[in-house]
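*Asks:* With the sequence up front, the predicted model follows.
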Amino acid sequence: MEHMVPLPGIYDPDFIAANQGSRANYLIKGTKKQQLDQVIKDIRDFKENNKVDRVVVLWTANTERYSNVVAGLNDTTENLMSSLDKNESEISPSTLYAIACVLENVPFINGSPQNTFVPGLIELAIKRNSLIGGDDFKSGQTKMKSVLVDFLVGAGIKPTSIVSYNHLGNNDGMNLSAPQTFRSKEISKSNVVDDMVASNGIMFESGEHPDHVVVIKYVPYVGDSKRAMDEYTSEIFMGGKNTIVMHNTCEDSLLAAPIILDLVLLAELTTRIQFKAENEGKFHSFHPVATILSYLSKSPLVPPGTPVVNALSKQRAMLENILRACVGLAPENNMILEYK
């Protein structure tokens with residue numbers, strides 16, 4: 001990769017940590033509309049120069065702060081595109097890249113936790129049937145959490161406190177040291193247990209939720225070696241307490257790299273699959289909001305009105321059964337009635 005030259009990028013200091021300014025030295029300048037047009041040109045040029053049939057774009061740049069979703073600004077496609085023409089400041093760089101991809105019918109995957117997919121952008125993707133997916137790579141601590149909490153709740157053990165601590169020294173950690181960008185990551189990491197808690201109405205009353213705290217600290221010396229420590233406290237029989245403590249050390253980038261490859265491959269494959277229900281006359285593609293990518297995402301993006309599934313085993317079963325259907329195999333289940 002040492003001979004590859006990156007393209008210039010969109011930089012907006014309002015959306016990321018101030019400490020990133022010194023790194024921003026190869027930029028797409030101009031108004032937001034001009035920046036969008038340049039990204040579209042870059043996509044077309046890349047496709048032509050490399051003689052490829054399809055392009056897939058994946059955002060693995062800095063975590064941005066959350067964009068404010070405001071009526072009249074980005075709540076509908078019409079308002080979002082009008083705001084773009086007016087050069088409104090509340091359109092993030094990642095949203096600009098995503099708009100460019102949707103307009104070019106190029107799959108776009110958000111590998112960071114911010115709300116790139118504002119309502120107007122989701123509406124645009126649905127109208128143009130252009131694949132979007134995300135959010136945030138699910139690599140280490142959160143993937144383990146989605147397994148362990150599913151196990152605890154399924155076993156009748158009630159998680160009451162989940163405390164997750166991380167420190168790392170790469171640029172991701174440096175950017176996340178700013179409160180506004182950390183908040184995006186905190187939301188992404190915290191929501192992962194919601195559907196598992198909601199699945200047991202006997203154990204958890206309506207509105208009840210474990211105390212869930214996420215901490216991320218920047219420690220330059222450790223570099224890409226991310227340290228994650230978790231404490232899970234649960235209630236067991238007759239008011240007893242159970243505590244599980246975990247410590248994990250890993251190279252952050254090496255966990256994420258294969259997930260990037262898998263997301264791109266799955267997204268491209270998804271665009272080539274068509275199906276129809278028994279009572280439907282024509283084949284059609286999947287919904288453009290690609291829930292098939294949820295197995296690899298911390299905070300799965302789903303179509304409006306669709307339940308979010310975070311339990312890792314359920315996400316994997318969904319993915320495996322779709323791939324089985326593609327080769328003409330029936331879905332797997334655990335009933336095995338013929339042996340009962």
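*Replies:* Thanks, I have it. Numbers count the residues shown, from 1 in each chain.
*Asks:* residue closest to the middle of the chain?
*Replies:* With distances taken as CA atoms, centre = their mean, D135 lies nearest the centre of the chain, 1.3 Å away.
*Asks:* Contact partners for it?
*Replies:* D135 sits next to 110-117, 188, 297-301 when contact means CB atoms under 8 Å, 6 or more residues apart in numbering. Where C-beta positions appear, they are placed from N, C-alpha and C, glycine not excepted.
*Asks:* same deal with I162?
*Replies:* 145, 149, 193, 210-213, 230-233.
*Asks:* Reformat the residues you listed as JSON lines; add pLDDT, distance to T76 and secondary structure.
*Replies:* Below are those laid out as JSON lines (pLDDT from 0 to 100; distance: CB to CB, whole Å; DSSP: H, G, I helix; E, B strand; the rest coil):
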{"residue": "K145", "pLDDT": "91", "distance to T76": "35", "secondary structure": "helix"}
{"residue": "V149", "pLDDT": "93", "distance to T76": "36", "secondary structure": "helix"}
{"residue": "V193", "pLDDT": "87", "distance to T76": "32", "secondary structure": "helix"}
{"residue": "P210", "pLDDT": "94", "distance to T76": "36", "secondary structure": "coil"}
{"residue": "D211", "pLDDT": "95", "distance to T76": "37", "secondary structure": "strand"}
{"residue": "H212", "pLDDT": "93", "distance to T76": "33", "secondary structure": "strand"}
{"residue": "V213", "pLDDT": "93", "distance to T76": "36", "secondary structure": "strand"}
{"residue": "D230", "pLDDT": "96", "distance to T76": "40", "secondary structure": "strand"}
{"residue": "E231", "pLDDT": "97", "distance to T76": "43", "secondary structure": "strand"}
{"residue": "Y232", "pLDDT": "97", "distance to T76": "42", "secondary structure": "strand"}
{"residue": "T233", "pLDDT": "98", "distance to T76": "44", "secondary structure": "strand"}
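*Asks:* And those, which is closest to M335?
*Replies:* Compare each of these with M335 using CB to CB and the shortest gap goes to V149, at 24.9 Å.
*Asks:* ok, and the closest non-adjacent residue to Q114?
*Replies:* Among residues not flanking Q114 along the chain, E64 sits closest, at 4.1 Å (CB to CB, 6 or more residues apart in numbering).
*Asks:* Next: K127.
*Replies:* T77 (6.6 Å).
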